[in-house]
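A.B. asks: I'll drop the sequence and a predicted model, then ask my questions.
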Amino acid sequence: MSKAVHPVSLNILDKEYKIACAPDERETLISSARELDKQMRKIRDTGKVSGADRIAVLAALNLAHDWAAEAHKSAGAGDIASRLADLRVKIENVLENP
């Protein structure tokens, strides 16, 4: 049986995104969106990168690098890879349905 999903509104770099999310994943999704927003603002505020798409890619690379580095430190690398794959699917869904 599949999990029930509910829309969650997220604000990332002053833009609202509605993401379908299972109730037990809601807090993690909100926390992830906050971290992404923080990273994107940090990159934007340097003034070296323009365009939300470029800022998003750089922020995603920074976060993925941080997670990969952490994965090498822990035995749960497979779990992190799975979470990154799930996150990638969610990001692709948002980009396809703005």
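C.D. replies: Good, I have the coordinates. Numbering: from 1, shown residues only.

A.B. asks: Asn93 - how many residues pack around it?
C.D. replies: Here the number of neighbours of Asn93 (other Cβ atoms under 10 Å) works out to 11. The C-beta positions use only the backbone N, C-alpha and C, and glycine is treated the same way.

A.B. asks: May I have the residues that are in contact with it?
C.D. replies: Applying Cβ atoms under 8 Å, 6 or more residues apart in numbering, we find Asn93 in contact with Ile19.

A.B. asks: Look up the pLDDT of Ala47 for me, please.
C.D. replies: No Ala there; residue 47 is Gly. Looking at Gly47, its pLDDT stands at 88.

A.B. asks: try the one 3 residues further on
C.D. replies: At Ser50, the model reports a pLDDT of 85.

A.B. asks: three-state assignment of it?
C.D. replies: coil (DSSP: H, G, I helix; E, B strand; the rest coil).

A.B. asks: tell me, how many neighbours does it end up with?
C.D. replies: 9.

A.B. asks: what does Glu25 give?
C.D. replies: Count around Glu25 with other Cβ under 10 Å applied: 16.

A.B. asks: No further queries at this time; thank you.
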